[in-house]
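Asks: Kindly return the folded structure for what I paste below:
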Amino acid sequence: MSPTRRDVLKWGAGAGGLAAAAVLGMPGPATAMARARHHWMGYVSSSRHLTALTIPGTHNSGSTSGGFVAQCQDWDLPTQLNNGIRFLDIRLNGLAGTANEMGVYHGVVYMSKRYQDVLRDCGNFLRSNPSETIVMRIKNEYSGGNKLNAEEFKRRFNWHLDDPSMGFRSLFWTDPVWPTLGQARGKVVLLTNFTHDWATLKWDDNCDIQDQYDVADEVKRKAIVAHFDKAYFDHGTERMFINFTSTARGPIPNPSIGAQRILPSVHAYLHPRRHQRARFGIVPMDFPNYGPLVLDLLIDKNFVQ
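Replies: Predicted coordinates for the structure are as follows:
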């Protein structure tokens, strides 16, 4: 028997969440979407505008290796998606030794994953979970010996969409306006962060973004809270709020340590407001597995009446 939404909302996060709570000094969960993270959008009305949702995401989503400076995630993309992540931050350079391909990078560090592998992961997930949608930021990382100029980046991006052996164009929502969830189900909503003249959703034009990362912890915490509050009081649907929790202050940045310091503060904001009806937009995180209760609180926000 399929669970009702009421059943899903009352399920707990399980032993893994409780263990992490102890590590981070957080209280145990009262409610969570843990057992339905892989298809939580299926319980949301199709008429809801995507910008009216609270959407957990990852920062530098493909950065699963590269040492303590470059790595931002422990979970690979399929694991992220199955755990409820619905925003992917994909950063690309040219793939060395190829004429058309692009690889996933964090700066100059190649993450041993091609862009077509990312698209296959997303396509496989959406075919198994057609109620869901994925918002995907595509950024020209423009770094190191494999950086691509604007024209070459556009050409290679289109090659991934239209090459006969792949043909990923049908996977995407490419309209220049934010869709309703019903319109976006089963699709990757393209959010472009590279130079082009196409009619698509654009990072700088269609979003309200907080992304302070090379700042003191207290400055970052205040920036996160201010952006949550801004989203709460703004009821428009034309722009998507994006509130990065990631931080990696120099001189030697370490996203892992940043996540351990910041995610408990995010929980401290969200938990007392768990019964407050609000939308917070997209919340990209480093290492969301360090804060599973934060992930559940973000998902649950979509079901507060």
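
Asks: Tell me which residues touch the closest residue to Y115 other than its chain neighbours, please.
Replies: Leaving out its chain neighbours, the residue that sits closest to Y115 by C-beta to C-beta, 6 or more residues apart in numbering is M102, at 4.4 Å. For the C-beta atoms, the positions are set from N, CA and C on the backbone; glycine is no exception. Residues in contact with M102 (C-beta atoms under 8 Å, 6 or more residues apart in numbering) are L92, N93, G94, L95, R114, Y115, L148, F153, R156, F157, H160.

Asks: State the phi and psi torsions of the last one.
Replies: Backbone torsions of H160, given as degrees, to the nearest 10, read phi -70, psi -30.

Asks: That one - how many residues pack around it?
Replies: Neighbour count of H160, defined by other C-beta atoms under 10 Å: 20.

Asks: same deal with the first one?
Replies: The local packing count at L92 equals 26, with neighbours defined by other C-beta under 10 Å.

Asks: The second one too?
Replies: Here the count is done by other C-beta under 10 Å, and N93 has 26 residues near it.

Asks: what residues are up against it?
Replies: If you count contacts by C-beta under 8 Å, 6+ apart, then N93 has M102, G103, Y105, Y110, N140, E141, Y142, S143, G144, N146, K147, L148 around it.

Asks: If we ignore the residues flanking it in sequence, what's nearest the second one?
Replies: Distances taken as C-beta to C-beta, 6+ apart place L95 nearest to G103, at 4.1 Å, with adjacent residues excluded.

Asks: That neighbour: what's it in contact with?
Replies: Going by C-beta under 8 Å, 6+ apart, L95 touches E101, M102, G103, Y110, R114, N146.

Asks: redo that, cut-off 6 Å
Replies: Counting by C-beta atoms under 6 Å, 6 or more residues apart in numbering, L95 touches E101, M102, G103.

Asks: Likewise for G103?
Replies: Residues in contact with G103 (C-beta under 6 Å, 6+ apart) are L95, Y110, R114.

Asks: Sort out for me which of these are in strands.
Replies: Of the contacts of G103, the ones assigned to strands by DSSP state E are Y110, R114.

Asks: T54: which of the contacts of G103 is nearest?
Replies: R114 (31.0 Å; C-beta to C-beta).

Asks: Show me where the stretch 1-150 of the chain has its strands.
Replies: Per DSSP state E, counting those that start in this stretch, the stretch 1-150 of the chain carries strands over the ranges 54-58, 87-94, 102-106, 109-114, 134-140.

Asks: Need those in JSON lines (columns: mean pLDDT and distance to I209).
Replies: Listed next are the strands of the stretch 1-150 of the chain as JSON lines, based on pLDDT from 0 to 100; distance: least, C-beta to C-beta, whole Å:
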{"stretch": "strand 54-58", "mean pLDDT": "98", "distance to I209": "12"}
{"stretch": "strand 87-94", "mean pLDDT": "98", "distance to I209": "12"}
{"stretch": "strand 102-106", "mean pLDDT": "98", "distance to I209": "19"}
{"stretch": "strand 109-114", "mean pLDDT": "98", "distance to I209": "23"}
{"stretch": "strand 134-140", "mean pLDDT": "98", "distance to I209": "10"}
